[in-house]
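Engineer: this is a predicted model, with the sequence first.
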Amino acid sequence: MEAQPRILVVEDDRRLARMLAEILESEGYAVTLAYDGQRALHEGLTREFDVLLLDRGLPAIEGLDVLTRLRSRGVLAPVLVLSALGTPADRVEGLDRGAEDYLAKPFDVDELLARLRALRRRSIARVPVLTVPGGSFDAAGRTVSTADGAQVVLSEREAALLEELARNPRLVFPRAELRDLVFPDADDDGVVDTYVHYLRRKLGRPVITTVRGVGYRLGAPA
C-alpha cells in the first residue's frame, strides 16, 4: 500500500480552498491548506509535499514570490499554479519562476486532477535516493544499500513507512499520523509498531528513533 500523496493547497479564497480540499481528499490526497503566502512558505519549508497547488494573488507574500523562495531553499516538489491571472504572459512568468504547470481560473476539475496526476507521475519517476542511518534508500526499488555493501530488500509497506520518515527526517510523527499516511486501511495504530519492528529487524534498531509520548522519527545518521 503506497502512502497518500501529500499536497499543499495555497488559496486565500477559503470557500474555494475547502472545495479543493474536499475534491482532493476524495481522490486520495492528504491535504494541507494555507490561506496566505506566509503560511505557505512556513509549510513548504518545514514539511515535505509531493505536489503544491499555488494561487498567485495571496495576502502577505505573493504566490510567485513564495515559489521563488521555496526553490531558493531547495524545495523541489512540483508546483501547479492555479490563478485568475491567465494571460500568456502570466503563464510564461509562472513557468519561468519555477512552476511545472499553470492553470487559469475558472478551471475544469477533471483537467486539474489530470494535471496533478501527470505531475505526480513525473515526480515519482525522479524519486531521489534517500539517506537513512547506515546507508542509502532507493524508494523506487525498495532497497537499502548499507555501508558494508549489502542490499536489503523491503516489502511494499516497509518501504512506504521508511520513505515517509526519510523524506521528513526532522519531523516526529505521531503513530496515528503514520497509520493514516501509510496504512489507511488499518484499524489500529499497532500496525505502525509492527512495521517499525520489521524495519529495525532488517536494518538495525537505530534506523528509527522512538520519541516517548509522541511517536517515531528517522534515526540520527551514523
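Structural biologist: Nice, thanks for sending it over.
Engineer: list the contacts for the residue nearest to the spatial centre of the chain?
Structural biologist: Note on the chain: the residue nearest the mean C-alpha position is residue 49, at 2.3 Å, using Cα atoms, centre = their mean. By Cβ atoms under 8 Å, 6 or more residues apart in numbering, the residues touching residue 49 are 6, 7, 8, 32, 43, 77. Using the backbone N, CA and C atoms, a C-beta is placed for each residue, glycine as well.
Engineer: so the closest residue to residue 105 other than its chain neighbours versus residue 138, what's the distance?
Structural biologist: Closest residue to residue 105 in three dimensions, ignoring its sequence neighbours and counting by Cβ to Cβ, 6 or more residues apart in numbering: residue 84, at 4.6 Å. Separation of residue 84 from residue 138 (Cβ to Cβ, to the nearest Å) stands at 41 Å.
Engineer: the more surrounded of those two?
Structural biologist: residue 138 (16 against 12; other Cβ atoms under 10 Å).
Engineer: how far away is residue 14 from residue 61?
Structural biologist: Residue 14 is 18 Å from residue 61, by Cβ to Cβ.
Engineer: more neighbours: which of the two?
Structural biologist: Comparing residue 14 with residue 61 by other Cβ under 10 Å, the one with more neighbours is residue 61, at 17 against 10.
Engineer: for residue 7, which three-state class applies?
Structural biologist: Counting by DSSP: H, G, I helix; E, B strand; the rest coil, the backbone at residue 7 sits in strand.
Engineer: what is the lowest-mean-pLDDT helix or strand in the chain packed up against?
Structural biologist: Counting by mean pLDDT, DSSP states H and E, the weakest-scoring helix or strand in the chain turns out to be helix 109-125, with a mean of 83. Contact partners of helix 109-125 among helices and strands, from 3 or more Cβ pairs under 8 Å, 6 or more residues apart in numbering; DSSP states H and E: helix 14-26, strand 51-54, strand 79-83, strand 101-104.
Engineer: quick one: the helices in this protein?
Structural biologist: Counting by DSSP state H, one finds helices in the chain at the ranges 14-26, 37-46, 63-72, 88-96, 109-125, 156-167, 175-182, 190-203.
Engineer: dump those to a markdown table, plus distance to residue 103.
Structural biologist: Shown next, in a markdown table, are the helices of the chain (distance: least, Cβ to Cβ, whole Å):
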| stretch | distance to residue 103 |
| --- | --- |
| helix 14-26 | 12 |
| helix 37-46 | 17 |
| helix 63-72 | 13 |
| helix 88-96 | 9 |
| helix 109-125 | 6 |
| helix 156-167 | 26 |
| helix 175-182 | 27 |
| helix 190-203 | 36 |
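Engineer: can you tell which of these is closest to residue 57?
Structural biologist: Of all the helices of the chain, helix 63-72 sits nearest to residue 57, with 6.9 Å by Cβ to Cβ.
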